[in-house]
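Here is a sequence with its predicted model. Questions after.
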Amino acid sequence: MGILILKSFPLVQIGSEETAYGGSQDWFYKKIQRDAGCASVSAANIAAYYNIGIRPDRVRGEDRIYVIDTYMKLMEEMYGYMTPGPMGFPNTQKYQYRFLSFAAEHGRRFRSRELKGWKKEAEALQFIREALEENNPVAILVLTHRAPEMRDNTWHWMTISGYDDEKGTLVLSNYGKQETQDAAMLLENHPENRMTLVAFTEV
């Protein structure tokens, strides 16, 4: 299959030189938002990808570029839908319901689906492949994970935007960076690993 990566994933201009790959919770003004705003950012990335509630400030080829102030307005609006509690925002059902509510408020209708508790990594990869092939990003919630590489990414939402079949790596937006993670490591079926994948499709 080769490389499967979403075109037009949102890029955010920071100053005159730096460009972020999606949003970052570090941009929020309040500490609680910076500490626990990852669900809002992941959902904002998906909303921007679908042009819900936001339009790019400029277009360069297939790239859609937003200035940070524009993107922050979307993140703040989404935070109102996904305000975290004492344990953050670990509820995948609420994530889906509130994203669907956000989209409906903007006149768009989507359906959602999720995958959790997979027995084999291939099940999770198939879910991701199917979503990407239909031009849909995938939100991933990592609650716990045994891999040292994921130590800083637990109780955390990220956005999957691509998969390299040849290298076996996933492309993710995380804190405004384009990251690659080994798919077998990230999606490993293990009792210590608790994760959920969520994807949306417009109807």
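Sure, I can see it.

going forward, measure contacts and count neighbours with C-alpha atoms only.
Noted.

okay but V67 is in contact with R55, surely?
No - taking contacts as Cα atoms under 8 Å, V67 lies outside contact range of R55: 10.6 Å.

got the end-to-end distance for stretch 22-30?
End-to-end distance for stretch 22-30, by Cα to Cα, to the nearest Å: 19 Å.

For it, which residues meet the burial criterion?
For stretch 22-30, the neighbour count (16 or more other Cα atoms under 10 Å) marks G22, G23, S24, Q25, D26, W27, F28 as buried.

What's the per-residue pLDDT of the last one here?
We note a pLDDT of 97 for F28 in this prediction.

List the contacts of the nearest residue to it once chain neighbours are set aside.
Nearest non-adjacent residue to F28, counting by Cα to Cα, 6 or more residues apart in numbering: R34, 5.5 Å away. Neighbouring residues of R34 by Cα atoms under 8 Å, 6 or more residues apart in numbering: Q25, D26, W27, F28.

Adding distance to F102, write those residues out as a markdown table.
Output for those, formatted as a markdown table (distance: Cα to Cα, whole Å):
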| residue | distance to F102 |
| --- | --- |
| Q25 | 19 |
| D26 | 22 |
| W27 | 21 |
| F28 | 20 |
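
of these, closest to T154?
Q25 (14.6 Å; Cα to Cα).

average model confidence for stretch 11-25?
Mean predicted lDDT for stretch 11-25 stands at 94.

and if you look at stretch 133-149?
97.

Report the buried residues of it.
Of the residues in stretch 133-149, those buried (16+ other Cα under 10 Å) are N135, N136, P137, V138, A139, I140, L141, V142, L143, T144, H145, R146.

Same list, these, but as TSV with secondary structure and distance to Q181 please.
Below are the buried residues of stretch 133-149 laid out as TSV (DSSP: H, G, I helix; E, B strand; the rest coil; distance: Cα to Cα, whole Å):
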residue	secondary structure	distance to Q181
N135	coil	20
N136	coil	19
P137	coil	16
V138	strand	14
A139	strand	15
I140	strand	13
L141	strand	15
V142	strand	13
L143	strand	17
T144	strand	16
H145	coil	13
R146	coil	14
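
now the helices for the protein?
Applying DSSP state H to the chain gives helices spanning 31-36, 38-49, 68-81, 92-105, 121-133, 183-186.

Export the second one to CSV, keeping only CA atoms.
Extracted C-alpha coordinates of helix 38-49, given in CSV (Å, rounded to 0.1, in the frame of the first residue of the first chain):
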residue,chain,number,x,y,z
CYS,A,38,-5.6,17.5,24.6
ALA,A,39,-9.2,16.3,23.7
SER,A,40,-10.1,19.8,22.5
VAL,A,41,-7.0,20.0,20.4
SER,A,42,-7.5,16.6,18.8
ALA,A,43,-11.1,17.5,18.0
ALA,A,44,-10.1,20.9,16.7
ASN,A,45,-7.6,19.3,14.3
ILE,A,46,-10.4,17.1,13.0
ALA,A,47,-12.8,20.0,12.7
ALA,A,48,-10.3,22.1,10.9
TYR,A,49,-9.6,19.2,8.5
